[in-house]
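In: Sequence below, structure please.
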Amino acid sequence: MLEQLIQAGDAAVVVIDLKGDIALFEATRLAGGERFKFFTNEIGKATHAFNPFGQLSNEHISLNQVCEVFLSALALEHGEGYGRSYYSRVARNLMTRTLEQYPNIASFTELKQRIESMASDAEQRRDAFELIAVVESLAGASALNVTEEVAPEVAKAAIFMPDVLAKNQVVYFWLPPAIEAATAREIAKLAFHTLYTSAYQHQRIWQTPARVWLFIDEFQHVASLSFKVILQQARSMGVGLILANQTNADLWTADTNLKDTVQANTRFKQVFSINNPREREELSKSSGET
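Out: Got it, this is the predicted structure:
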């Protein structure tokens, strides 16, 4: 499916691989040809740069929306309810104040410094610890923090989602979670939230939906509350989703239940094996009499 969609050449293709499948990577690279770019957080391996800053700023997206994109991508939007909403609002307040004070932040390295300066007292730093810790981990990934001032040639060739959509590029995110599971998940979420927001901007600018296929292998690693909206609205933005996960039970996490959302918003399903008796019974009942 991946090779056929790339070879059709009429849409962008983005792959987020949370397992590290070398056969899938090579097939994508060969099919993509000159349109192919890739990103990895593995130390010592070649990679294109991918800096989300600058990709989320134009007249079609507000500062609050930029803030929400980062909070959703970094799993800092915990939903409503006692305790949950408090820490969500703490992170949102600090991020918003920081971006208002420093609107030209160009990297997570700079964002880390600015957030620490804005969270001046001990109580603020304690309540915003999750936000500070996540930004600190992303600041350590050099390929996420390349700017034109530091490395203009690298920045020029970086993965830039508006260009991915406009030029039907083929992009592969190689993010095996074996060593840095949390960072791999955060980068994956940054990738698809940036892609989704760019598709929204594309529709606002050109008055027509983008055309892009998004593959996520080991989808269960990034299943979260914020992904519900993407599943429900992706089609209207021109984003086609191909999701692979181990079991339906993996989509039911402590934070949210994506199982029903996935079932309702996917038109075609392939099941290769079912070991769970409950899932076997559910599939049997949903299949009708044949």
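
In: Now for Gln233, how many residues are close by?
Out: 14 (other Cβ atoms under 10 Å). In this view, the C-beta of every residue, glycine as well, is placed from N, C-alpha and C.

In: my bad, should have said Asn276
Out: Neighbourhood size, Asn276 [other Cβ under 10 Å]: 12.

In: Pretty sure it sits against Gln246.
Out: No: using Cβ atoms under 8 Å, Asn276 is not in contact with Gln246; the gap is 10.4 Å.

In: Let me see the mean pLDDT of the host helix or strand of Pro162.
Out: Element membership for Pro162 (DSSP states H and E) is helix 161-166. Helix 161-166 carries an average pLDDT of 94.

In: Quick check: buried residues in it?
Out: By 16 or more other Cβ atoms under 10 Å, the buried positions in helix 161-166 come out as Met161, Pro162, Val164, Leu165.

In: Pull the contacting residues for the second one.
Out: Put plainly, it is Pro162. Neighbour list for Pro162: Gln55, Ser198, Gln201, His202 [criterion: Cβ atoms under 8 Å, 6 or more residues apart in numbering].

In: Likewise for the third one?
Out: With contacts defined as Cβ under 8 Å, 6+ apart, the neighbours of Val164 are Ala12, Val14, Val171, Leu195, Ser198, Val212.

In: For whichever helix or strand comes after the helix holding Pro162, list the C-alpha coordinates in CSV.
Out: Proceeding C-terminally, helix 161-166 gives way to strand 170-174 as the next helix or strand, assigned by DSSP H and E. In CSV, the C-alpha atoms belonging to strand 170-174 read as follows (Å, rounded to 0.1, in the frame of the first residue of the first chain):
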residue,chain,number,x,y,z
VAL,A,170,7.8,11.5,1.2
VAL,A,171,9.0,11.7,4.8
TYR,A,172,10.0,8.9,7.2
PHE,A,173,10.3,9.3,10.9
TRP,A,174,12.5,6.5,12.3
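
In: pLDDT weak spots in the stretch 51-200 of the chain?
Out: In the predicted model, the stretch 51-200 of the chain carries pLDDT under 70 at residues 57-60, 77-84, 178-180.
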